[in-house]
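Trainee: Sequence and predicted structure are below.
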Amino acid sequence: MTRPDLSFAVQSLSQFMHEPKESHWDAALPVVRYIKGQPGLGLLMSSNISNEVLAYCDADWASCLMIRRSVTGYCVKLGDSLISWKSKKQSTVSRSTAESEYRSMAGTVFELVWIHGLLLELGL
């Protein structure tokens, strides 16, 4: 959860856990080597207090070559600290880049609404 640099690679490899092939093993080894060589990396929370919420989103139209689904992702920052992120295949096949981007923005806005409610509960 604290390693966004690995989240997409792990998510991609996890699709083949039930029937892995040699090529999946070959793809997993560099990820394991990277983890082993970078033990101190992770998310750090800033000590600067800020109530500014920033969100970024993007989509890669039809990037999954197997099923032609788009990969969408977003990240949300509170001040200088990353507090939420996600990347995943979209549940439907988008017909255009614009449709894929729209779905990405809709998911990001949904997350912002949830975070806004949480911040209100915390009194921030």
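Mentor: Perfect, thanks for sending it.

Trainee: hey, let's count contacts and neighbours off CA atoms from now on
Mentor: OK.

Trainee: For the protein, just list every one of the strands.
Mentor: 53-60, 71-78, 81-89 (DSSP state E).

Trainee: Surely Thr108 is in contact with Asp58?
Mentor: No: with contact defined as CA atoms under 8 Å, Thr108 does not reach Asp58; the gap is 9.4 Å.

Trainee: Who are the packing partners of the helix or strand of the chain with the lowest mean pLDDT?
Mentor: The helix or strand of the chain with the poorest confidence is helix 4-14; it has a mean of 74 (mean pLDDT, DSSP states H and E). Identification of packing neighbours for helix 4-14 by 3 or more CA pairs under 8 Å, 6 or more residues apart in numbering; DSSP states H and E yields helix 22-37, strand 81-89.

Trainee: Buried deepest among the strands of the chain, which one?
Mentor: Per-stretch averages of neighbours, counted by mean count of other CA atoms under 10 Å, single out strand 71-78 among the strands of the chain, with a mean of 20.
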